[in-house]
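> What follows is a protein structure lacking sequence information:
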């Protein structure tokens, strides 16, 4: 038996599991023939052989068209389901990827593996508990050849999204390590749409167009039927400037973290808004992110502003134009730490043919319809531009003290009294400080000050330091003091008493620290009992009011 060639053995049309096979042990001194059942040999090969792992095909996979030839591909690998990684046959590849997603979801979730290559397909739906995992991004400039990473080339139709996360609050799904490009040329909705899912994770993902359509959103965090897109974790996301908007947050897109991302967009790098006006995205944090676009006056959101608008750190000009690189209309609690934003190639001036030609600058526009629609925004870090702030409690921490960057001026009101104000006898009388433009830092979005009544209205929540001073004639020898009156007497601060007997006591002052809410009021009042009205000195250098936000 040991000398018999295999080719000399009788042929067999089939082999049952219990059939015996002759095995020769030729390692012994004298070769020994042994018998082995066919099923035992199969088990031996599976356990100790060097063939690719054998993965049983499930009933669901059989229904999806998976065949025995796919045994060597791990469950979840889209090649197992018939996907093509050479950029051809979108219909077959779409069916393969979606089948992999659906089957893993039905089995409780898992990882859909998309090996390196180009995958032409139609829009996909990512379902609960499933992660799409590629082999790394393949940047747009290099995707057309034989990429080392994973590229999805999706022809997105009008109003559609390339990949839509299932409309559910369950979530726990995500995308890792791939580039996703829209290959169509119509006005689509987005590349990735997070449709109200919880705990989404996106890591090392690039989003863009293969044609410069300037349409659509890169990453859209939207409301679903069960709630908002909440608790997402986004790392290393890159959106191309070929998109209309890089990142858009809507309604209850809350408590999401963005780290090391780079958001580009032809019109907005980021747009934060509410479709209902009721819900504002809340508690979103950005760490080490870049927001960059390229100046284009035919696409970007350019607005004319006057000297009365609230533009911090800009040149001392009466009028200007702003490019809204970031637009925030509704929000509550946004934090930017160590971030960078820039609009490359901005021209020195712009003319809308209505207002004339003026200086133009790039801004983060906190631009709500009312101040309380956008509150509690904190920016701390590198800033290549300016803050256009019409929100409430918008704060900027440490910024580089360099001329090329914003040095946001403090929120401050400084008035000087250059009128001969008459203070009545034995009555608390308002001191209205006149407006001196050279000292007047007031802005309508920060304060409103009535120079006739002396009433200041706070338009931003926060802690303020108030100092007021007046100077009165030396002929008065009477009891006098100054008072800061908040909200019609609800809170009062009194300054030290004085009289006009000597030059040293002709000046009255009051200092206060006040925690203001939006709409609170303050008026500086003086009391004197000389027996008749007293006219304050009209020299503005002696009488002034300063209100500074701490």
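Received, thanks. What you see is a predicted model, and the numbers here were worked out from it, not measured in a lab.
> surely residue 459 meets residue 413?
No - between residue 459 and residue 413 there is no contact under Cβ atoms under 8 Å: 10.8 Å. Using the backbone N, CA and C atoms, a C-beta is placed for each residue, glycine as well.
> Show me how this protein divides into domains.
Per automatic domain parsing, the structural domains of the chain span 6-48, 81-266, 298-409, 412-549.
> Pick the most deeply packed of those.
Using mean count of other Cβ atoms under 10 Å, the stretch among those with the largest mean neighbour count is domain 81-266, at a mean of 21.
> if I pick the nearest residue to residue 497 once chain neighbours are set aside, what's in contact with it?
Nearest residue to residue 497 in three dimensions, chain neighbours excluded: residue 481, at 4.7 Å (Cβ to Cβ, 6 or more residues apart in numbering). With contact taken as Cβ atoms under 8 Å, 6 or more residues apart in numbering, residue 481 is in contact with 494-498, 508, 510, 526-527.
> List just the nearest of the residues you listed to residue 547.
Among the contacts of residue 481, residue 510 lies closest to residue 547 (Cβ to Cβ), at 12.2 Å.
> ok, which stretches of the stretch 401-550 of the chain are strands?
For the stretch 401-550 of the chain, applying DSSP state E, counting those that start in this stretch gives strands covering 412-416, 422-423, 429-430, 447-449, 455-458, 462-471, 480-486, 491-494, 507-516, 521-528, 534-535, 544-549.
> a markdown table please, covering those and showing mean pLDDT and distance to residue 222.
Below are those laid out as a markdown table (pLDDT from 0 to 100; distance: least, Cβ to Cβ, whole Å):
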| stretch | mean pLDDT | distance to residue 222 |
| --- | --- | --- |
| strand 412-416 | 78 | 40 |
| strand 422-423 | 84 | 60 |
| strand 429-430 | 91 | 51 |
| strand 447-449 | 80 | 37 |
| strand 455-458 | 89 | 35 |
| strand 462-471 | 87 | 32 |
| strand 480-486 | 90 | 43 |
| strand 491-494 | 76 | 44 |
| strand 507-516 | 89 | 36 |
| strand 521-528 | 91 | 41 |
| strand 534-535 | 80 | 64 |
| strand 544-549 | 86 | 35 |
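> In JSON lines, list the ones you listed along with distance to residue 230.
Formatted as JSON lines, those follow (distance: least, Cβ to Cβ, whole Å):
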{"stretch": "strand 412-416", "distance to residue 230": "38"}
{"stretch": "strand 422-423", "distance to residue 230": "58"}
{"stretch": "strand 429-430", "distance to residue 230": "49"}
{"stretch": "strand 447-449", "distance to residue 230": "36"}
{"stretch": "strand 455-458", "distance to residue 230": "33"}
{"stretch": "strand 462-471", "distance to residue 230": "28"}
{"stretch": "strand 480-486", "distance to residue 230": "39"}
{"stretch": "strand 491-494", "distance to residue 230": "39"}
{"stretch": "strand 507-516", "distance to residue 230": "31"}
{"stretch": "strand 521-528", "distance to residue 230": "38"}
{"stretch": "strand 534-535", "distance to residue 230": "62"}
{"stretch": "strand 544-549", "distance to residue 230": "32"}
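> of these, which approaches residue 64 most closely?
Closest of those to residue 64 is strand 462-471, at 59.7 Å (criterion: Cβ to Cβ).
> quick one: residue 268 and residue 299 touch, right?
No - counting by Cβ under 8 Å, residue 268 does not reach residue 299; the two are 10.0 Å apart.
> circling back to that earlier point, generate TSV for the contacts of residue 481, with distance to residue 423 as supplementary columns.
Formatted as TSV, the contacts of residue 481 follow (distance: Cβ to Cβ, whole Å):
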residue	distance to residue 423
494	16
495	14
496	17
497	15
498	13
508	10
510	14
526	5
527	8
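> which among these gets closest to residue 167?
Of the contacts of residue 481, the one sitting nearest to residue 167 (Cβ to Cβ) turns out to be residue 510, at 58.8 Å.
> List the contacts of the closest one.
By Cβ under 8 Å, 6+ apart, the contact set of residue 510 is 466-468, 481-484, 493-495, 524.
> do that again at 10 Å, thanks
Contacts for residue 510 (Cβ atoms under 10 Å, 6 or more residues apart in numbering) come out as 466-470, 481-485, 492-496, 524-526, 545.
> same deal with residue 292?
When the contact criterion is Cβ under 10 Å, 6+ apart, the partners of residue 292 are 241, 246, 262-265, 269, 325, 340-344, 384.
> repeat that with 6 Å
264, 342 (Cβ atoms under 6 Å, 6 or more residues apart in numbering).
> What residues are bridge-paired with it?
As for beta bridges, residue 292 partners with residue 264, residue 342 under DSSP bridges.
> go on, residue 221?
residue 194, residue 249.
> so where do the helices sit in the protein?
For the chain, the helices defined by DSSP state H occupy 38-48, 59-63, 90-106.
> Residue ranges in the stretch 351-500 of the chain under the pLDDT threshold?
Within the stretch 351-500 of the chain, the segments meeting pLDDT under 70 span 381-384, 395-411, 435-446, 473-477, 498-500.
> For the closest residue in space to residue 168 that isn't next to it in sequence, give me the pLDDT.
Excluding the flanking residues, the one nearest residue 168 by Cβ to Cβ, 6+ apart is residue 128, at 5.7 Å. Residue 128 carries a pLDDT value of 90.
> Strands of the stretch 1-150 of the chain, residue ranges please.
Using DSSP E, counting those that start in this stretch, strands in the stretch 1-150 of the chain cover 20-25, 32-37, 110-113, 117-121, 124-126, 130-133, 150-154.
> Save these as TSV, and put in distance to residue 182 too.
Output for the strands of the stretch 1-150 of the chain, formatted as TSV (distance: least, Cβ to Cβ, whole Å):
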stretch	distance to residue 182
strand 20-25	57
strand 32-37	57
strand 110-113	20
strand 117-121	12
strand 124-126	13
strand 130-133	16
strand 150-154	6
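> ok so, going back, quickly list what the residue nearest to residue 497 is bridged to.
Assessed by DSSP bridges, residue 481 has beta-bridge partners residue 527.
> quick one on the thing from earlier: a markdown table for the helices of the chain, including distance to residue 158 and mean pLDDT?
Shown next, in a markdown table, are these (distance: least, Cβ to Cβ, whole Å; pLDDT from 0 to 100):
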| stretch | distance to residue 158 | mean pLDDT |
| --- | --- | --- |
| helix 38-48 | 51 | 70 |
| helix 59-63 | 32 | 86 |
| helix 90-106 | 17 | 95 |
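> can you put those in JSON lines and add distance to residue 294?
Below are the helices of the chain laid out as JSON lines (distance: least, Cβ to Cβ, whole Å):
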{"stretch": "helix 38-48", "distance to residue 294": "58"}
{"stretch": "helix 59-63", "distance to residue 294": "47"}
{"stretch": "helix 90-106", "distance to residue 294": "31"}
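> Quick one: closest of the ones you listed to residue 287.
helix 90-106 (30.8 Å).
> so what's residue 261 up against?
237, 289.
> Go ahead and confirm the residue nearest to residue 168 touches residue 174.
No - using Cβ atoms under 6 Å, residue 128 makes no contact with residue 174, being 11.1 Å away.
> before we move on, the earlier item: closest to residue 151 out of the strands of the stretch 401-550 of the chain?
strand 462-471 (48.6 Å).
> Show me what the closest one packs onto, helices and strands only.
strand 507-516, strand 544-549 (3 or more Cβ pairs under 6 Å, 6 or more residues apart in numbering; DSSP states H and E).
> Need these in JSON lines (columns: distance to residue 168).
Output for those, formatted as JSON lines (distance: least, Cβ to Cβ, whole Å):
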{"stretch": "strand 507-516", "distance to residue 168": "43"}
{"stretch": "strand 544-549", "distance to residue 168": "43"}
